[in-house]
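In: Sequence and computational prediction follow.
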Amino acid sequence: MSFERVTLEYGTRRIWSDLSLDIPPGAFVAILGPNGSGKTSLLRAILGLVAPSSGRILVQGRSPHRGDPEIGYVPQHSNFDADLPFRGRDLVQLGVDGHRWGIGWPDPTRKARVDRAVASVDAEAYADAPIGRLSGGEQQRLRIAQALVGDPRILLCDEPLANLDLRYQQTITALITAWRERTGGTVLFVTHDVNPVLGVVDQVLFVVNGRWAAGKPDEVLTSERMSALYGSHVDVVRVHGRIVVVGESTESGFNIEEPHHVPVPVEPH
Amino acid sequence: MDQLVALLGYEFVQNAIAAGTVIAIVSGVVSRFVVARNMSFAVHALAELGFTGAAGFILLRLSPVLGLLAGTAVTAVFIGALGVRARGRDVVVGVVMAFGLGLGVLFITLYKGYANQAFAILFGTITGVSRADVLLLLAIGVVTLVSLAAIYRPLTFATVDPEVAEARGVPVGALAVAFLLIMAAAVAEAIQVVGVLLILTLLITPGASAERLTPRPGLAIIYSVAIALLCTLGGILLSLITNAPVSVFVTSLSFACYLLARFVVGPRRRDLRATSRPAESSAGAAVVEAR
């Protein structure tokens, strides 16, 4: 996948300016930055849902187009109605043929595919329960199965660890890493906290107010690069193997949005 | 019982039962999507503006059934054009509904001797349908169900999981408009049985009851159709025996179905709860304790 001088605009607001980046097949790229910095917009451009106002994006050598079967997509945390008659396996099945016309009568081949995908994320125990009654972590496993059931080459994940407790953050990261090692697929991982994936990331792409920096985590996540990016003094501190980006306080509070990590407790069952 | 058998010999009874069957099947299927897409208010608006359409067609001495369909379809297009996104949709629906109802009032005033027909459209006319009406309702019903079958999978995708559906190339916006038109046809049909004011009893209650009975989407549609059939045909027969209006029985039966599904049958179904998960429950318990 490559970006050649890509500029993305939303209305009159410029989100990304002049982004040039090559992502080799099999890379694990973390896309970082404060909320509202356009991380999701970049994924939408790769999915072909928004066109860059200038520059060129190539996905597998082609321009992005809607419904590309080579791309699996895990969206931001979504809420399902608790009473919705829809099971985890139905969600995974949407990843097989949900985009096709017609009713889609029961089909043993499709069922076998869904079963394999459900098993690959260890979700057999709750794949037949209503999706809205599952915990956030369980839903996220099924989301990964849904994204991978179509055998994509590229996996786009939008904040897949948000609202998950530490244990589930590790589980979901492990599932994605295992898929990548098994298939050689590429992972683009949007997150506002790099720490849960620090051990597996090859490249980070950090964006602040339309400016960006890309490279290996050790090259990008430094006080110098981050200060240049934010345009004010920023310290990058390493504590207990974790990276913390801290900015000086300004009139409107801190100039860096702190990562909010309030784990949502799993509902008692 | 003899009385019932004798009644079934009358053509108007046969017409009512034939029309009721078609309407119940359409309502049952569409109701599932109305509930899942949270479109109760839009259903209500379509029905009230169907009334305006029917009043207008009666004024022009045209078929009230076609008038209903014209009213609901025009409303569907308006709502679809002005706002298909969930946020702000209710506002658009309210704006369109208020204006349309005003037109309805104008049509009633212009037409002399209108009261009976207006009452019929507001509360249902199923025992008054002609054989030609039955064929018209059947044609509308078949077109509605075939259209819905054609878009069933992408509509389900767009309803349950719109972000991923869009990413997979599903035309989410176009499907929202297509479903509004399908709803318009279903509303025009259901008005024949229960009338404008009680439309929700056939387009919400069966779908809302069904989701208390199963976690399977396909089975939920089958249950919803079964409940709609039970309420409609049961309502018609009870009305014939007692001479009370059909709507009274349809609404009572559908409310009873909902209460049964929600408080008696549903709570006993284990597959509606999240199943026990030994591997995850320990982590969950730890977090709960930490609170």
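Out: The structure has been received and is ready for your questions.

In: Which strand or helix spans residue 16?
Out: In the absence of a named chain, this looks at chain A. Using DSSP states H and E, A:Trp16 maps to strand A:13-22.

In: Sorry, I should have been clearer: chain B.
Out: helix B:11-36.

In: That helix close to chain A?
Out: Yes: Helix B:11-36 comes into contact with chain A (Cβ under 8 Å from any Cβ of the partner chain), by way of B:Ala36. The C-beta positions use only the backbone N, C-alpha and C, and glycine is treated the same way.

In: Tell me the first helix or strand C-terminal of the strand holding A:Trp16.
Out: strand A:28-32.

In: Tell me what angle the very next helix or strand once past that following strand forms with strand A:28-32.
Out: Helices and strands here follow DSSP H and E; after strand A:28-32, the next one along the chain is helix A:39-46. Orientation check (axes from the mean of the first three to the mean of the last three Cα atoms, to 10 degrees): helix A:39-46 against strand A:28-32 gives 130 degrees.

In: and helix A:39-46, what other elements does it pack with?
Out: strand A:2-10, strand A:13-22, strand A:28-32, strand A:154-158, strand A:186-190 (3 or more Cβ pairs under 8 Å, 6 or more residues apart in numbering or on different chains; DSSP states H and E).

In: and whichever helix or strand comes after the last one, which strands flank it?
Out: Read that as strand A:186-190. Next along the chain after strand A:186-190, taking DSSP H and E as the criterion, comes strand A:203-208. Strand A:203-208 pairs in its sheet with strand A:28-32 (parallel), strand A:211-215 (antiparallel), by DSSP bridges.

In: residues of the helix holding B:Ala16 that come out buried?
Out: B:13, B:15-36 (16 or more other Cβ atoms under 10 Å in any protein chain shown).

In: which helices and strands sit right next to it?
Out: Going by 3+ Cβ pairs under 8 Å, 6+ apart, helix B:11-36 lies up against helix B:2-8, helix B:131-150, helix B:152-160, helix B:172-194, helix B:200-203, helix B:205-210, helix B:217-242.

In: Not counting its own residues, what contacts the fifth one?
Out: For helix B:200-203, the external contacting residues (Cβ atoms under 8 Å, 6 or more residues apart in numbering or on different chains) are B:23-24, B:27, B:30-31, B:34, B:40, B:43-44, B:183, B:186-187, B:190, B:193-194, B:228, B:231-232, B:247, B:250-251, B:254-255.

In: try 6 Å this time
Out: Applying Cβ atoms under 6 Å, 6 or more residues apart in numbering or on different chains, the external contacts of helix B:200-203 come out as B:27, B:31, B:34, B:43, B:190, B:194, B:228, B:250-251, B:254.

In: Quick check: phi and psi on the spatially closest residue to B:Ala149 that is not a sequence neighbour?
Out: Of all residues not flanking B:Ala149 in the chain, A:Ile103 sits nearest, at 5.3 Å (Cβ to Cβ, 6 or more residues apart in numbering or on different chains). Note on A:Ile103: backbone dihedrals following degrees, to the nearest 10 are phi -80, psi -40.

In: same check, this time on the one 5 residues further on
Out: Backbone torsions of A:Pro108, given as degrees, to the nearest 10, read phi -60, psi -40.

In: how near is it to A:Val114?
Out: 11 Å (Cβ to Cβ, to the nearest Å).

In: Find the closest residue to chain B in the stretch 1-150 of chain A.
Out: Relative to chain B, the nearest point of the stretch 1-150 of chain A is A:Gly67 (2.0 Å; Cβ to the nearest Cβ).

In: For that residue, which three-state class applies?
Out: coil (DSSP: H, G, I helix; E, B strand; the rest coil).
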